[in-house]
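J.: give me the fold of what follows.
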Amino acid sequence: MSIRMYSDELELDSTNYFILDSKGKGHRADIDFVQYGYKKSKFNKLKVGDLIINRRSRRASETSEFYFYAAAKIANILVDGDDLTAIYEKVYHFPDLLLQSDLETYKWAWKDRKDHWGNNFFNQYGMNHFVREDFINLLKFVEYGDSTLEYDSEAAHEAVIKIIERNYHVEDSVSLVKTRTNQHIFSREVKHNYGNKCAVCKISTKSFLIGSHIIPWSERKDCRLDPANGICLCVLHDKAFDKGLLTMDEDYKIIISQSIEQDKELNKLLMKLNGKSIALPKNDPPKIEYLKYHRDHIFEKFE
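T.: This is a model prediction of the structure:
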């Protein structure tokens, strides 16, 4: 789907391809998935019709590595003296972040990476003119990373914008595919906030991580997309959290249900966590009111 979105542009010899480093909303005119601000005096190669991929550099990343997160077409360029703002259209939100570690063995057509990324592989100003082959290959990495995912790109765009605008409400009336897309975007945002590490055990293998809802999706419409209603957990701790065997207090310390005493092995794995603090993200830590709901309505109290 992602590559087909840009089939017309890919056929044109006049199309150029760029990697744009964005720090998101609040940095110059940057707004993720909407527009990108830069200086005419430093970089004046972008033109209407070009295709771009957005990158978050290691310095700006919430994780310890850079990542790619979206593609788009340049629809317009606004000029205000030396300040230029590129407006996006045909935005493709990557279903999952394409991390630096995902590309360790990738051979770029654009330039030779040798054995390490180095300080100068990407232009330090944050705008890199690369080639059609790499643009297509990066999208292939994203598109075929999980071919089973039912994903609605338009719904994903709406969900991301709602999160940016802090409008977390989602109605029940949306289609099943849109619901799953919304849930996927929520999970991606939560894992992203936690640097793709389990808040309990620090596991960082992406396939083992889940952006867990604190208040379940089915219980409240107003916080379904709220990243603060989520915690990044590995599959074991997500299941324990979901089943009410593990929760957190108002100081973000772990509480383990005594009901697990019936399972000696599970008791060994979980009880050693009792009283320990979870890792907190830079952005949107769990809201105390959401954790209270989990303790009151989901946590399995021992009687």
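J.: what is the helix-or-strand element of the chain with minimal mean pLDDT packed up against?
T.: For the chain, the helix or strand with the lowest mean confidence is helix 2-5, at a mean of 81 (criterion: mean pLDDT, DSSP states H and E). Helix 2-5 sits against strand 83-99, helix 132-143, with contacts defined as 3 or more Cβ pairs under 8 Å, 6 or more residues apart in numbering; DSSP states H and E. Heads up, the C-betas are built off the backbone N, CA and C, glycines and all.
J.: who wins for proximity to residue 256 among these?
T.: strand 83-99 (30.8 Å; Cβ to Cβ).
J.: what angle do that closest one and helix 132-143 make?
T.: 50 degrees (axes from the mean of the first three to the mean of the last three Cα atoms, to 10 degrees).
J.: what is the helix or strand just after strand 83-99 packed up against?
T.: Sequence-wise, the next helix or strand downstream of strand 83-99 (DSSP states H and E) is strand 127-130. Contacts defined by 3+ Cβ pairs under 8 Å, 6+ apart place strand 127-130 against strand 17-21.
J.: which strands and helices sit next to the helix or strand that the strand it packs on is followed by?
T.: Going down the chain from strand 17-21, the next helix or strand is strand 35-39, by DSSP H and E. With contacts defined as 3+ Cβ pairs under 8 Å, 6+ apart, strand 35-39 has these neighbours: strand 83-99.
J.: low pLDDT regions in the stretch 101-250 of the chain?
T.: 115, 118-119, 144-151 (pLDDT under 70).
J.: which stretches of it form helices?
T.: 132-143, 153-164, 176-193, 235-242 (DSSP state H, counting those that start in this stretch).
J.: which residues sit against the first one?
T.: Looking back up the chat, that one is helix 132-143. Residues outside helix 132-143 that contact it (Cβ atoms under 8 Å, 6 or more residues apart in numbering): 1-3, 10, 15, 17, 51, 53, 68, 71, 92, 94-96, 98, 102-103, 106, 108-110.
J.: output it as CSV, nothing but the C-alphas.
T.: Provided in CSV are the C-alpha atoms of helix 132-143 (Å, rounded to 0.1, in the frame of the first residue of the first chain):
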residue,chain,number,x,y,z
ARG,A,132,14.8,6.6,-5.3
GLU,A,133,16.1,3.0,-4.6
ASP,A,134,16.5,3.8,-0.9
PHE,A,135,13.1,5.5,-0.7
ILE,A,136,11.5,2.3,-2.1
ASN,A,137,13.5,0.0,0.0
LEU,A,138,12.7,1.8,3.3
LEU,A,139,9.0,1.6,2.5
LYS,A,140,9.4,-2.1,1.7
PHE,A,141,11.0,-2.6,5.2
VAL,A,142,7.9,-1.0,6.7
GLU,A,143,5.3,-2.5,4.5
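J.: any idea how this protein splits into domains?
T.: If you go by automatic domain parsing, the domain ranges for the chain are 2-143, 153-297.
J.: can you put these in JSON lines and add mean neighbour count?
T.: Compiled in JSON lines, the domains of the chain are given as follows (neighbours: other Cβ atoms under 10 Å):
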{"stretch": "domain 2-143", "mean neighbour count": "16"}
{"stretch": "domain 153-297", "mean neighbour count": "18"}
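J.: CSV for the helices of the stretch 101-250 of the chain, including distance to residue 45?
T.: Compiled in CSV, the helices of the stretch 101-250 of the chain are given as follows (distance: least, Cβ to Cβ, whole Å):
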stretch, distance to residue 45
helix 132-143, 15
helix 153-164, 26
helix 176-193, 30
helix 235-242, 45
